[in-house]
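Novice: quick one, fold the following:
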Amino acid sequence: MVAPAYDPNNIFAKILRGEIPCHKVYEDEHVLAFMDIMPRGDGHTLVIPKVAARNILDLPAEAFAPLMAGVQKVARAAKAALDADGITLQQFSEPAGGQVVFHIHFHVIPRWNGVRLRPHTGEMAPGAELAGFAKKIAAAIGA
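Specialist: Purely as a prediction, here's the structure:
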């Protein structure tokens, strides 16, 4: 079965084009990192490449290294900025794999011992809270 084509009107493509605002954490020529508006944990950040790719199954090979470098940079900064005990990385591909937004993205979720991930309820976090986490993580990156 062939996966559907990339939709340039997905929400992350709109964020990349500046059509929808985000709480930006980091940006370079290859990636954009911003706060997840429905976080499963404090500091939950999304890292997306600037290339048009639906998911890991169609991401060009040459885009992997810069994407993963961005993921690692954000993960290190989030752990340090929020004094987390660890990091959970998640990447979902296609609906059966749990993907909801069809632009490849990695979830970087700071974790603390004994603290469970919150369920994905669809409830949005307060903007001021997201802005605070974005500022702390960005400062740890030096952005």
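Novice: what about the spatially most central residue of the chain, is that helix, strand or coil?
Specialist: Note on the chain: the residue nearest the mean C-alpha position is Leu46, at 0.8 Å, using CA atoms, centre = their mean. Under DSSP: H, G, I helix; E, B strand; the rest coil, the three-state class of Leu46 is strand.
Novice: partner residues bridging it?
Specialist: Phe34, His107 (DSSP bridges).
Novice: Gly127 and Phe133: what is the separation?
Specialist: 11 Å (CB to CB, to the nearest Å). Bear in mind the C-beta positions are built from the backbone N, C-alpha and C, glycine included.
Novice: please enumerate the shared neighbours of these two.
Specialist: Taking CB atoms under 8 Å, 6 or more residues apart in numbering as the contact rule, Gly127 and Phe133 both touch His23.
Novice: list the buried residues of the helix ranked longest in the chain.
Specialist: Longest helix in the chain by number of residues (criterion: DSSP state H): helix 61-81. Residues 63, 66-67, 70-71, 73-75, 77-79, 81 are the ones in helix 61-81 that count as buried (16 or more other CB atoms under 10 Å).
Novice: show the contacting residues for the residue nearest to the centre of the chain.
Specialist: Contacts of Leu46 (CB under 8 Å, 6+ apart): 12, 33-36, 105-108.
Novice: ok, for Ala77, nearest residue in space, not its chain neighbours?
Specialist: Spatial nearest neighbour of Ala77, excluding adjacent residues (CB to CB, 6 or more residues apart in numbering): Ala140 at 3.8 Å.
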